[in-house]
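Asks: What shape does this take:
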Amino acid sequence: MIVCVCKSVSDRTIRSSIADGVDSFDELQFELGVASCCGKCEESVRDVMLQSGVCASRCGVGIELHPQAVPLTFYERKAA
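Replies: Numbers count the residues shown, from 1 in each chain. This is a model prediction of the structure:
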């Protein structure tokens, strides 16, 4: 099923990225572009991550961040 309509990203694509080693929401957002346009898919993306077992420590489900705190992480882009 399509999770991110703006970028046409399916749950299979997200699971495939997780299987390839992506283990945080920020990495998924960088690699696939999910939740970077309208943002409506963020909860669904996090749900797919939770179902895949990677949310316990890194995707932020159930964690309330301070509204002023903005985590900044840089990732190296993979060659296609």
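Asks: Give me the secondary structure label for the nearest residue to residue 6 once chain neighbours are set aside.
Replies: Spatially, and ignoring its direct neighbours in sequence, residue 6 is nearest to residue 37 (3.7 Å; CB to CB, 6 or more residues apart in numbering). (Each C-beta comes from the backbone N, C-alpha and C, glycine too.) When classified by DSSP: H, G, I helix; E, B strand; the rest coil, residue 37 comes out as coil.
Asks: thinking residue 4 is in contact with residue 35, fair?
Replies: Yes: between residue 4 and residue 35 there is a contact at 6.9 Å, judged by CB atoms under 8 Å.
Asks: what's the overlap in contacts for these two?
Replies: Taking CB atoms under 8 Å, 6 or more residues apart in numbering as the contact definition, residue 4 and residue 35 share the neighbouring residues 41, 45.
Asks: Between these two, which has more neighbouring residues?
Replies: The residue with more neighbours, out of residue 4 and residue 35, is residue 4; 26 against 22, by other CB atoms under 10 Å.
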